[in-house]
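**Q** Sequence below, structure please.
(4 chains)
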Number of protein chains: 2
Amino acid sequence: MTTAPLSRNEAKELTRRRLLRAALRILDEEGEAGLTTVKVSRAAGIAQSSFYVHFRDKQDLLKSLWHEGGGRLLRATHQARSLSIEAPTDRERFRDAFRIPLESMCRHPELFRISRRVRHDPGSPLAEFAREAEKISRDLLVEDLIASGFTAGTEQERRRVEMIADCLGALTERMAIGHLEGRYPDLEEALDVIIAFSRGYLSLLPRENRA
Amino acid sequence: MTTAPLSRNEAKELTRRRLLRAALRILDEEGEAGLTTVKVSRAAGIAQSSFYVHFRDKQDLLKSLWHEGGGRLLRATHQARSLSIEAPTDRERFRDAFRIPLESMCRHPELFRISRRVRHDPGSPLAEFAREAEKISRDLLVEDLIASGFTAGTEQERRRVEMIADCLGALTERMAIGHLEGRYPDLEEALDVIIAFSRGYLSLLPRENRA
DNA sequence: AATTTCACCGATAGTACTATCGGTGAAATT
DNA sequence: AATTTCACCGATAGTACTATCGGTGAAATT
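**A** Predicted coordinates:
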């Protein structure tokens, strides 16, 4: 039992992190309606009024939660993934391109569930962020698809590639949800199914670009 | 301008419907946080206190909204759809099997968006209903898939068929969202992509059952 | 015609939460 | 050692909403 001699700044930073952690848990377990300054503060071990020492208001807390959690997750996922989608001929790499985001979602269940839930909730201050993240995610996937042979010259072609990216995202998310709910305990089984569906979209590749 | 002579019962039923309509709109536009007895009542043209003449509380309103709207939609969709999935060899029928639920979602945008949003919101009184509906939906699809040749003898096979059903649902919902947001104006284009992905899952059919 | 029913009203008590304010004591600075 | 800073506290005013209650007048029943 060593007594840590915390400086005032360190102590403040610690309670700030406690508040963010508590907010993440409450948001995940009880939804946005359950997130109050009273609950977060109590969970972090400070008085309700002290909440405002760390955040201007609840929206400020949510913003911080997003920028210090959600944003990083998104970028890390896509950085790792785009490395492996570039060679769709290689079976293992192709599989990795789906495994990486799937595992990333499952490794951060709270953030994943919250950002999913918030995305289409017009009353949520996080909605805008989550939708922007979704768009970025889709756009990155579109780039990858174009790099792997899809054409997006006409409006219609562009839409089609976006739809494919959208569908790939939907498949991955749905399998992640099933896994987190305990219905699909084996991620490799889920990957098998995603890959099978993806064989289908490959049929939309222009013939001359197929490997 | 004919003055309709409404009986007391008819008048009551009319305000009840006004309340339900208003609730649906507010729920869709502002989310659950925006749905208050004050707003619903005002939108329906009655005093806040008169809300309780029609519903015990807000949860009661939500329950009614679900049972008199959501439930019917789900059943109608699946009834229409299962007629056409039974003959996956017939291209037009196969396509219909996806078009029917897709169109059904797009025809009831508020209900569709609300039930989607509410499904994973632990704070929502509708969450339970929406999740049950999702399960029913998936189970019905699983039955259809088994009827069309998939096997579900072992635990693993059963899981796989459930995953496929889950994925089909995810694809359809995602395309419906894109259409309702205006990104995919042409539903037939979206159907093309869903069908392409589905060619992939057909590869998971046991060889001896393929048409 | 007399009586009863009841959808609706305004007023209001109660609840939950937000956000501010002055005060305190220990850490940090001088 | 004296002074300043500031994370945290309890108290509290303000806001938004829920749900009840007694009253009213027109419809429904007798």
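
**Q** and chain A, which of its residues are near DNA strand C?
**A** Contact residues (Cβ under 7 Å from any atom of the strand) of chain A with DNA strand C: A:7, A:8, A:9, A:36, A:37, A:38, A:39, A:48, A:49, A:52, A:57, A:58. (Each C-beta comes from the backbone N, C-alpha and C, glycine too.)

**Q** Could you provide those residues in CSV, with additional columns for pLDDT and secondary structure?
**A** Formatted as CSV, the residues of chain A next to DNA strand C follow (pLDDT from 0 to 100; DSSP: H, G, I helix; E, B strand; the rest coil):
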residue, pLDDT, secondary structure
A:7, 88, coil
A:8, 92, helix
A:9, 93, helix
A:36, 98, coil
A:37, 98, helix
A:38, 98, helix
A:39, 98, helix
A:48, 98, helix
A:49, 98, helix
A:52, 98, helix
A:57, 97, coil
A:58, 97, helix
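
**Q** Give me the domain ranges for chain A.
**A** Per automatic domain parsing, the structural domains of chain A span A:9-55, A:62-209.

**Q** Show me how far the shortest one is from its chain's centre.
**A** Averaged C-alpha coordinates place domain A:9-55 at 22 Å from its chain's average position (Cα atoms, centre = their mean, to the nearest Å).

**Q** Same question for the last one.
**A** With Cα atoms, centre = their mean as the basis, domain A:62-209 stands 9 Å off its chain's centre.

**Q** worst-scoring helix or strand of chain A, pLDDT-wise?
**A** None of the helices or strands of chain A scores lower by mean pLDDT, DSSP states H and E than helix A:71-85, at a mean of 68.

**Q** Drop anything exposed from the residues of chain A next to DNA strand C.
**A** A:37, A:58 (16 or more other Cβ atoms under 10 Å in any protein chain shown).

**Q** Cross-check the residues of chain A next to DNA strand C against DNA strand D and keep the overlap.
**A** Restricting the residues of chain A next to DNA strand C to those touching DNA strand D (Cβ under 7 Å from any atom of the strand) yields A:8, A:9, A:48, A:49.

**Q** Show me where chain A has its helices.
**A** A:8-30, A:37-44, A:51-54, A:58-65, A:71-85, A:91-107, A:109-119, A:127-147, A:155-180, A:187-202 (DSSP state H).

**Q** Nearest to residue B:184, out of those?
**A** The closest of these to residue B:184 is helix A:155-180. By Cβ to Cβ, the value is 6.3 Å.

**Q** that older thread, which members of the residues of chain A next to DNA strand C are the farthest-apart pair?
**A** Spatial extent of these (Cβ to Cβ) is set by the pair A:7 and A:36 at 30.3 Å.

**Q** buried set for stretch A:56-73?
**A** Here stretch A:56-73 shows A:58, A:61, A:62, A:63, A:64, A:65, A:66, A:69, A:70, A:73 as buried, counting by 16+ other Cβ under 10 Å.

**Q** contacting residues around the second one?
**A** Applying Cβ atoms under 8 Å, 6 or more residues apart in numbering or on different chains to residue A:61 gives the contacts A:19, A:20, A:23, A:40, A:51, A:54, A:55.

**Q** Can you give me the distance of it to residue A:46?
**A** For residue A:61, the distance to residue A:46 equals 13 Å [Cβ to Cβ, to the nearest Å].

**Q** any residues in contact with both of the two?
**A** Contacts common to residue A:61 and residue A:46, judged by Cβ under 8 Å, 6+ apart, are residue A:19.

**Q** The closest residue in space to residue A:47 that isn't next to it in sequence: neighbouring residues, count only.
**A** Nearest non-adjacent residue to residue A:47, counting by Cβ to Cβ, 6 or more residues apart in numbering or on different chains: residue A:41, 6.4 Å away. By other Cβ atoms under 10 Å in any protein chain shown, 21 other residues sit near residue A:41.

**Q** Go ahead and confirm residue A:41 touches residue A:48.
**A** Yes - the pair residue A:41 / residue A:48 is scored as a contact, 4.6 Å apart, by Cβ atoms under 8 Å.

**Q** which regions of chain A lie under the pLDDT threshold?
**A** Flagging of chain A using pLDDT under 70 yields the residue ranges A:1-4, A:71, A:76, A:79-89, A:207-211.

**Q** that older thread, dump the contacts of residue A:61 into TSV; add distance to DNA strand D as well.
**A** Shown next, in TSV, are the contacts of residue A:61 (distance: Cβ to the nearest atom of the strand, whole Å):
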residue	distance to DNA strand D
A:19	9
A:20	13
A:23	15
A:40	12
A:51	8
A:54	6
A:55	11
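
**Q** Which pair of those residues spans the longest distance?
**A** A:20 and A:51 (11.7 Å).

**Q** more crowded one of the two?
**A** Ranked by neighbour count (other Cβ under 10 Å), residue A:20 and residue A:51 place residue A:51 first, with 22 against 19.

**Q** thought the more buried one was touching residue A:37?
**A** Yes - if you go by Cβ under 8 Å, residue A:51 and residue A:37 touch, sitting 4.6 Å apart.

**Q** thinking again about what came up before, among the domains of chain A, which is nearest residue B:100?
**A** Of all the domains of chain A, it is domain A:62-209 that lies closest to residue B:100, at 18.6 Å by Cβ to Cβ.

**Q** can you tell if the closest one touches chain B?
**A** Yes - residues of domain A:62-209 contacting chain B under Cβ under 8 Å from any Cβ of the partner chain: A:113, A:116-117, A:120-124, A:156, A:159-160, A:162-164, A:166-167, A:169-171, A:173-175, A:177-178, A:183-184, A:189-190, A:192-194, A:196-204.

**Q** hmm, that domain touching DNA strand D?
**A** No - applying Cβ under 7 Å from any atom of the strand, one finds domain A:62-209 out of contact with DNA strand D, separated by at least 10.7 Å.

**Q** and residue A:11, how far is that from residue A:153?
**A** 59 Å.

**Q** who has more neighbours, those two?
**A** The residue with more neighbours, out of residue A:11 and residue A:153, is residue A:11; 11 against 7, by other Cβ under 10 Å.
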